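coords please:
(one chain, ligands or ions: 1)
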Amino acid sequence: MNEYNLPYHLMVEEDIFFRIPEAMADVDPSIGEKKMILVTEENLKNLFGTYIEGIQKSFPNSEIYLMKESSYDEAADLAKYMAMHEIQLVIGFGGGSVLDLAKFAAFIGKQQYICLPTTLSNDSLASPVAVLGTEKKARKSFNCEIPDAIFVDIKIIKSAPKRQILSGIGDTISKYTALIDWKIACLKGKSKGDDFAYMLSKMALNSILHNDIKDLGSEEFIKQLTQALVMGGLAMEIAGSSRPSSGSEHLFCHALEENFSEVTTVPHGISVAIGSYGACKFQKRNLTKIKKVIKKYEIPVKPSDWKIDEKTFIGAWQTAAATRPDRYTILNETDLSDEMLRDLYHEMEEVFS
Ligand SMILES: [Zn+2]
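Take a look at the predicted model:
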């Protein structure tokens, strides 16, 4: 049997951040008395000051830590600080990089960890993986644990730019190709399958793929997207790897980040959605579904809109597999010629113009 942990709570409510000890009372009645550190960043402290004050009121024995660079070293330093000061509880308040830093520091120090995402732009809120900076520019994924509780404040998510929601949708629909890549790897004996994790991830995908809520800022949609992202995280935890959520489309995104750092503005979820279109093609599947969903939500996947030119696009695909050589995907079975990738680039430019 695999060993895994699941969060005690997943709550999506308005003003839930002001009621954390009450929400956690059933599993940890004295949580409010714990020595707590709230990990966030400068601009969020300014933007969401009232929320942070509210959280601090619930935890009189607390302090704030402001993220500097979200690197492995910073997480290790923070873990050391927490050990020296006997911190028992870590609360991450922010987007991907803050949450990954808080999650990994809590994992090293074995503290309880509560996740308060301020955006639904990717699945880092519930994944057992932290992406952190290393010596060089490259960011690397490190295994850790999923949070002990996840609380999402609907009001905060509603106030965020629409692009963040689109990015969260992109990260979710990228499972369309990630799951098939996982299957391909299993067939080749390069990965271990897990039916339950596969099913969970597919449910997360389907809940967004076959969704007819028009208003992406509605409470109903925010709840569904949160659940999809969390289900994706649980699938990874159960599978013991990120395979249920990450295939060749994520390798494309890593290559773009690591080898073409001049293209830094593409949000993770959009980048993997761009990757999913190509991956779908390499997997020789019908593109109707993926095209339809990208168009339905108007996910901006036209490469040139992100200053990804033909050369960058070709280079990113050709170096994608090398970013995680141990990850077997359709890329291991595809001839990524300049010519084929050039056609793909122009096809995407046309289809999504
Ligand atoms: Zn992702």
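
the helices in the stretch 151-300 of the chain, which residues?
154-159, 162-173, 175-187, 195-209, 219-239, 248-259, 268-282, 288-297 (DSSP state H, counting those that start in this stretch).

domain assignment for this protein?
Per the record, the chain has its domains at 9-159, 162-351, by automatic domain parsing.

From the chain's centroid, how far away is the longest one?
For domain 162-351, the distance between its averaged C-alpha position and the chain's averaged C-alpha position is 12 Å (CA atoms, centre = their mean, to the nearest Å).

out of the domains of the chain, nearest to residue 3?
Comparing these against residue 3 with CB to CB, the closest turns out to be domain 162-351 (8.5 Å). Glycine gets a C-beta too; all of them are placed from N, C-alpha and C.

Averaged pLDDT, the closest one. What do you get?
Mean pLDDT, domain 162-351: 96.

next one: stretch 100-119
97.

What count of nearby residues applies to the nearest residue to residue 276 once chain neighbours are set aside?
Leaving aside its sequence neighbours, residue 276 sits nearest to residue 249 (CB to CB, 6 or more residues apart in numbering; 4.2 Å). Using other CB atoms under 10 Å, residue 249 has 30 other residues around it.

doesn't residue 281 make contact with residue 249?
No: with contact defined as CB atoms under 8 Å, residue 249 does not reach residue 281; the gap is 11.0 Å.

residues shared between the contacts of these two?
Overlap of the contact sets of residue 249 and residue 281 (by CB atoms under 8 Å, 6 or more residues apart in numbering) is empty.

which residues touch residue 171?
121-123, 229, 232, 245, 268-269, 272-273.

Repeat that for residue 252.
By CB under 8 Å, 6+ apart, the residues touching residue 252 are 271-272, 274-275, 278-279, 316-317, 320.

Distance to residue 3 for the domains of the chain - can I get that in JSON lines?
Putting these into JSON lines (distance: least, CB to CB, whole Å) gives the following:
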{"stretch": "domain 9-159", "distance to residue 3": "11"}
{"stretch": "domain 162-351", "distance to residue 3": "8"}
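
before we move on, back to that, of the helices of the stretch 151-300 of the chain, which is nearest residue 79?
helix 219-239 (20.7 Å).

Mind listing what's buried along the closest one?
219, 221-239 (16 or more other CB atoms under 10 Å).

do stretch 105-114 as well
105-109, 111-114.

Out of the residues you listed, which sit inside strands?
Using DSSP state E, the members of these that fall within strands are 112-114.

Closest to residue 303 out of these?
The closest of those to residue 303 turns out to be residue 113 (CB to CB; 36.7 Å).

Now for residue 9, how many residues are close by?
Per other CB under 10 Å, the neighbour tally for residue 9 reads 16.

Let the chain start at 35 from now.
Sounds good: first residue 35 from here, last item residue 43.

That one reaches residue 59, doesn't it?
No: Residue 43 lies out of contact with residue 59 (CB under 8 Å); the separation is 10.5 Å.

out of the contacts of residue 205, which is most surrounded?
residue 306 leads the contacts of residue 205 on contacts (other CB under 10 Å) with 33 neighbours.

And the one residue sitting closest to the centre of the chain, what's its pLDDT?
Centroid check for the chain by CA atoms, centre = their mean gives residue 157 as the closest residue, at 2.6 Å. Listed pLDDT for residue 157 reads 90.

what do you get for residue 171?
So, for residue 171, pLDDT stands at 64.

and residue 100, bridged to which residues?
Using DSSP bridges, the bridge partners assigned to residue 100 are residue 74.

can you count the residues close to it?
Look at residue 100: counted by other CB under 10 Å, it has 13 neighbours.

Quick check: it touching residue 77?
No: using CB under 8 Å, residue 100 is not in contact with residue 77, being 9.7 Å away.

I'd like the buried residues of stretch 139-148 as JSON lines, with distance to residue 340 appended.
Shown next, in JSON lines, are those (distance: CB to CB, whole Å):
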{"residue": "139", "distance to residue 340": "32"}
{"residue": "140", "distance to residue 340": "33"}
{"residue": "141", "distance to residue 340": "32"}
{"residue": "142", "distance to residue 340": "34"}
{"residue": "143", "distance to residue 340": "37"}
{"residue": "145", "distance to residue 340": "38"}
{"residue": "146", "distance to residue 340": "38"}
{"residue": "147", "distance to residue 340": "33"}
{"residue": "148", "distance to residue 340": "34"}
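
Name the pair among the residues you listed with the greatest separation in space.
Going by CB to CB, the pair spanning the buried residues of stretch 139-148 furthest: 142 and 148, at 16.5 Å.

I'd say residue 54 and residue 89 touch.
Yes: applying CB under 8 Å as the test, residue 54 and residue 89 come out as touching, 6.6 Å apart.

Mutual contacts of those two, please.
In contact with both residue 54 and residue 89: residue 125, using CB under 8 Å, 6+ apart.

which residues of the stretch 35-184 of the chain fall in helices?
Using DSSP H, counting those that start in this stretch, helices in the stretch 35-184 of the chain cover 54-58, 76-81, 83-92, 106-118, 130-143.

which of those is buried the deepest?
helix 130-143 (a mean of 26; mean count of other CB atoms under 10 Å).

which secondary structure elements does that one contact?
Contacts defined by 3 or more CB pairs under 8 Å, 6 or more residues apart in numbering; DSSP states H and E place helix 130-143 against strand 70-74, helix 106-118, strand 123-128, strand 146-151, strand 163-167.
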